Structure formats: structure tokens, C-alpha cells
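In: This is the structure alone, sequence omitted:
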Ligand SMILES: Nc1ncnc2c1ncn2[C@@H]1O[C@H](COP(=O)(O)OP(=O)(O)OP(=O)(O)O)[C@@H](O)[C@H]1O
């Protein structure tokens, strides 16, 4: 009241008396305020308040728009893959946490024009097709500098295909490990989406386990098991934040000229900040027979979901069977359900072993691998081991069963590993 301008009319009696007759005079006093504060003074107070509110609203809106933009970028993944032969520089999963190899720098991948890829694959000749995955055909090609390559062509790049393509480019240009398939480059020319990988002359583990001719021997199976676990260890433990592969299967384990495995197929990978508590996916993606039960039923994805899928690969190595096979007798369709009770039974474990191994393995080692496998395919995620524990358990077994130097002796028909 003291601050009222001099032009303000003097307070009325109603105000003076209000101390004594408060209740009776309240309405009167109230009405008086409108008269004693001039509109110019009101404006001085109200305008700054309105300006502050407006500024706050603009700030809030900007923040909300930014958040929306980030979440959109997360679902479509990177927007930095250059199209029309542009170059991938400083590619990043915009809006998503960017996994980095601790202490390592990003590796540049080459950008190929459609013409270059066409030349490399003899115009995508059918004769050059070496595989067919869910996202499209894979061609063998020879690059301009003479390097052999496997070129994966995305069939259509709808929302899902585009995400998978960008994710593979973004992740594989960051992740470098001797256990992970190397991305040489990519082509994103108009509607074409192609990934150019180092060529793995021995194809996939899946194809080798299906072969009846010269099957993989015990020592090489153990080495494949160990190096595949190391690939996963790299993703789960040596990458920050952890990467969950989400599509671990024997077609994604590729073998080099020495049958050393490299992990591929990163189109469904998830970069998780909380690897053990997990991420809840609204869409369950992956491959039947390899999906961890808790992920299949609730969408809860953790590094332990990968450990389960890895356990299924161990089962394939032990039994030579596929994870889901309706041609088998009833009760044997689902590999895990059939194998789980046998894995922990010392007498029955021998019954489930791949007949192609022809008894050329140590029973003691087999029991140990079976025990590791049983833990990995535990229905309860918490009881599954960390992949690092698997690596540690397999290391002494691989040391005991060294792989012969020549690739010719990696399979039977040459020099099988000795019976223990
Ligand atoms: N770098 C490579 N070298 C040699 N062969 C490869 C290479 N990449 C893929 N292939 C062959 O092509 C097949 C299909 O590969 P792709 O990556 O499409 O795998 P997929 O797991 O079957 O499919 P998706 O990952 O789309 O689910 C592989 O199983 C393998 O036989």
C-alpha cells in the first residue's frame, strides 16, 4: 500500500475500519482495490509475468520437440548414413547411446557406388548368390582392389529393413574385434541398400553342421564355441553401453579359411544401458528356437537372452541338430526341451551327441560342455551364467584340445582329434 503512486485516492473509511470490523468490511475493502490501483501500474506487474510465462512455455515446447526428435531418431536409428554415394563420416546412432570400443577410435568404412557393387557381383548374378537371409540375398563379389567380399542386398528397405541396414552400418563401423565379422563398406544409392563384408570362405556354422560329408571335429567345435562366446563377451562386457545381439544363431556364425568363427547379423541388435535389468521390447524379434523364454513371453531383453541363444548354438554343436525340427519324432521337435534333461544326466548325455562325431571326443570334456550348455539354456534368466564365465570355463577345454594348424585337419576324413 505504501508503494501506491501519489495519484491514488486516499484509503476509504472502509479500509481504516477493516481492522476492527474485518468480517463486515471485507467485501467493501475488496471492491476498493480496483479503484486504488491504476491500470498502468497493473501493466507494469502483469506484462513481465506474461513474458516470463511465455518464455517458459517456449522453452518447454523446445525441450518436448527435441525429445520427440530424439525418440524418432532412435527408432529409425542413424540418420547419418549417406545416400547417393555420399560418405559416412563420424556416423552416429543419433539419439541412442553410442557404443565405443574402450580406448579405440571409430573405423571408417568405405562407401561404394551401385556401379561398383554391380561390377563386383557380375550384375548380381544368380551364380554369385552364397546365402539367403531374412533381409535378402548375399552375393559373393570381388572388389576393384581384388578383395573377396560378401555383399548383402536388402530386399526392400521398409521401416524395418532401413533400421536394420543403418544399425549394421553404425554398429559395425564402431565394433572391431577379431571375433566379429568385418564390415568393409556399404552402398546406399537411391533405393538400393547393400552391405559389403569381408568374405568368409567357409560360410556359416549352420551349413557345416548340416553337412554329412567331413563334419567338424570335436576340437574345432570347442574352438568355435569359445570364440563365439568371446564375440558375445566383447559385446556384453567390452562395449559401453553393452550391445545385445538379439539374433544369435548358427547362420550368423561365419567361418574363415581356418574355421575361426566371426559373429555377424547385427540388424536386430539393441544397445542397452542396463544390461541385466533389461529393456522391455514391445515387439519380440529374433529367430524361433533361439529365443529366451522370458524374452519371448514378456519382451524383457537382457544380455542373458543372448546367453540363452548362445546355449542353443552349443546344443547344435553337441548334437548336430537344428533348434526346431518338426521332422523329428514327437517330443524331439524343440531341441532345448528334448536336450535339457539329458544334458545333466551322465549316462544319457552320450545318447544326444552328434553321431557324426563318431565317438571322437573325451567323455569328461563332453560332460563339462554339457553342464555349461545346461546352465546357458536355463529357463530362469538369473541362473544363466555371464558370458565371461562361459569363456573362462571353455578356455581350459580348448587348451586341452588344440586345433591342428592346417584347415584340412579340422574336419574328419583327415586327422580326427584323439579319443581321451
Ligand atoms: N561375410 C560372409 N561370407 C560368406 N558368406 C556369408 C557372409 N555373410 C553371409 N553369408 C552367407 O549368407 C547367409 C545369409 O546371411 P545373412 O546375414 O542374411 O544371415 P541370416 O542370419 O540368415 O539372415 P538375417 O541376419 O537377415 O536374419 C549366411 O548364412 C552365410 O551362409
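Out: Arrived safely, thanks for sending. Since we're looking at a predicted model, the values are computed, not measured.
In: Can you list the low-confidence ranges for this protein?
Out: Residue ranges of the chain with pLDDT under 70: 1-38, 66-106, 157-159, 273-282, 405-420.
In: near the ligand, which residues of it show up?
Out: Proximity of the chain to the ligand is assessed by C-beta under 6 Å from any ligand atom, with 130-131, 133-135, 138, 150, 152, 181, 197, 199-200, 203-204, 207, 247, 251-252, 254, 264-265, 267 identified as the residues in range. Yep, even glycine has a C-beta here, placed from its N, CA and C like the rest.
In: Which of the residues you listed fall within helices?
Out: Of the positions in the residues of the chain next to the ligand, residue 207 sit in helices, assigned by DSSP state H.
In: Just the strands from this protein, written as ranges.
Out: Assignment of strands within the chain using DSSP state E yields the ranges 100-101, 110-111, 129-132, 137-142, 148-153, 183-187, 194-198, 239-240, 243-244, 253-255, 261-263, 270-271, 279-280, 300-301.
In: Now the buried members of the residues of the chain next to the ligand.
Out: Applying a neighbour-count criterion of 16 or more other C-beta atoms under 10 Å, the buried members of the residues of the chain next to the ligand are 130-131, 133, 135, 138, 150, 152, 181, 197, 199-200, 203-204, 247, 251-252, 254, 264-265, 267.
In: mind giving me the domain split of this structure?
Out: With automatic domain parsing as the criterion, the domains of the chain are listed as 110-198, 205-410.
In: Serialize those domains to CSV and add fields for distance to residue 52.
Out: Converted to CSV, these look like this (distance: least, C-beta to C-beta, whole Å):
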stretch, distance to residue 52
domain 110-198, 42
domain 205-410, 36
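In: which stretch among those comes nearest residue 63?
Out: Proximity to residue 63 (C-beta to C-beta) singles out domain 205-410 among those, at 20.9 Å.
In: count of residues packed around residue 256?
Out: The number of residues packed around residue 256, counting by other C-beta atoms under 10 Å, is 16.
In: Revised request: answer the last question for residue 58.
Out: Neighbouring residues of residue 58 were enumerated by other C-beta under 10 Å; the total is 10.
In: for residue 320, same thing?
Out: Around residue 320 there are 21 other residues, counting by other C-beta under 10 Å.
In: That one contacts residue 355, doesn't it?
Out: Yes - under the contact definition of C-beta atoms under 8 Å, residue 320 touches residue 355, with a separation of 7.4 Å.
In: which residue ranges form the helices in the protein?
Out: Listed in chain order, the helices of the chain (DSSP H) span residues 13-17, 22-36, 39-76, 114-120, 159-172, 205-210, 218-237, 293-298, 303-319, 335-343, 363-376, 387-400.
In: who does the third one touch, helix- and strand-wise?
Out: Secondary structure elements in contact with helix 39-76, counted by 3 or more C-beta pairs under 8 Å, 6 or more residues apart in numbering; DSSP states H and E, are helix 159-172.
In: show me the contacts for residue 288.
Out: Residue 288 makes contacts with 323-324, as judged by C-beta atoms under 8 Å, 6 or more residues apart in numbering.
In: what does residue 366 give?
Out: Residues touching residue 366, when contacts are defined by C-beta under 8 Å, 6+ apart, comprise 318, 349-350, 353.
In: Which of these has the largest number of neighbours?
Out: The most neighbours, when these are compared by other C-beta under 10 Å, belong to residue 318, which has 25 neighbours.
In: Does that one touch residue 353 like I think?
Out: Yes - the pair residue 318 and residue 353 qualifies as a contact (C-beta under 8 Å) at a distance of 6.1 Å.
In: Can you verify my assumption that residue 246 contacts residue 270?
Out: Yes - under the contact definition of C-beta under 8 Å, residue 246 touches residue 270, with a separation of 5.6 Å.
In: Overlap of the contact sets of those two?
Out: Shared contacts of residue 246 and residue 270, defined by C-beta under 8 Å, 6+ apart, comprise residue 301.
In: what about those two, which has more around it?
Out: With neighbours defined as other C-beta under 10 Å, residue 246 and residue 270 compare such that residue 246 has more, 25 against 20.
In: Can you tell me how far the residue nearest to the spatial centre of the chain is from residue 160?
Out: Computing the C-alpha centroid of the chain and ranking residues by C-alpha atoms, centre = their mean puts residue 269 first, at 1.7 Å. With distances defined as C-beta to C-beta, to the nearest Å, the gap from residue 269 to residue 160 amounts to 14 Å.
In: again, but for residue 42
Out: When distance is defined by C-beta to C-beta, residue 42 is 59 Å away from residue 160.
In: for residue 382, same thing?
Out: From residue 382 over to residue 160 (counting by C-beta to C-beta), the distance is 31 Å.
In: Please apply the same query to residue 379.
Out: The gap separating residue 379 from residue 160 is 29 Å, by C-beta to C-beta.
In: do residue 295 as well
Out: Here residue 295 is placed at a distance of 18 Å from residue 160 (C-beta to C-beta).
In: Next: residue 313.
Out: Applying C-beta to C-beta, one obtains 24 Å for the distance of residue 313 from residue 160.
In: Neighbour count for these two, which is higher?
Out: The neighbour comparison of residue 313 against residue 160 (other C-beta under 10 Å) goes to residue 313, with 27 against 16.
In: Quick check, the more buried one in contact with residue 249.
Out: Yes - counting by C-beta under 8 Å, residue 313 sits close enough to residue 249 to count as a contact (7.0 Å).
In: re earlier: what's the closest of the domains of the chain to residue 46?
Out: Ranking the domains of the chain by distance to residue 46, with C-beta to C-beta as the measure, places domain 205-410 first at 45.6 Å.
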